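Asks: Structural data only, the sequence is not supplied:
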């Protein structure tokens, strides 16, 4: 099935790659319990494999709670899975330049 979304996304990514502004694609708000979220992540990895970060930021109520309080996730729930995921992303970015 031909999906215009991926054509558009590919165009945007290629534009950003040529302008040296794209470090990678970060999957966020991912809910692995839903088929849709798993399919989207699978498609991203299929079409943009070398550009998708290994780190995946999963959906959690902690993000909403932290923003209401005016805190980052690291300040609000520093030991949560969400905060750990952002630390992992930081390591991944540092390691891969």
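Replies: Here it is on my side, so go on. All values reported here derive from a predicted model rather than from experimental measurement.
Asks: which residue ranges form the helices in the chain?
Replies: Applying DSSP state H to the chain gives helices spanning 4-18, 35-47, 61-69, 73-76, 81-96.
Asks: Looking at those helices, which is nearest to residue 24?
Replies: Closest to residue 24 of the helices of the chain is helix 81-96 (C-beta to C-beta; 7.8 Å). The way it works is simple: take the backbone N, C-alpha and C, and place the C-beta from them, glycine included.
Asks: how many neighbours does the closest residue to residue 37 other than its chain neighbours have?
Replies: In space, and not counting its chain neighbours, residue 37 is closest to residue 31: 4.7 Å by C-beta to C-beta, 6 or more residues apart in numbering. If you count neighbours by other C-beta atoms under 10 Å, residue 31 ends up with 11.
Asks: wait, what's in contact with residue 89?
Replies: By C-beta atoms under 8 Å, 6 or more residues apart in numbering, the contact set of residue 89 is 26, 53, 55, 57.
Asks: no wait, residue 73
Replies: So residue 73 contacts 62, 63, 66, 80, 82, 83, 86 (C-beta under 8 Å, 6+ apart).
Asks: if we go to 10 Å?
Replies: Residue 73 makes contacts with 57, 60, 62-63, 65-67, 80-86, as judged by C-beta atoms under 10 Å, 6 or more residues apart in numbering.
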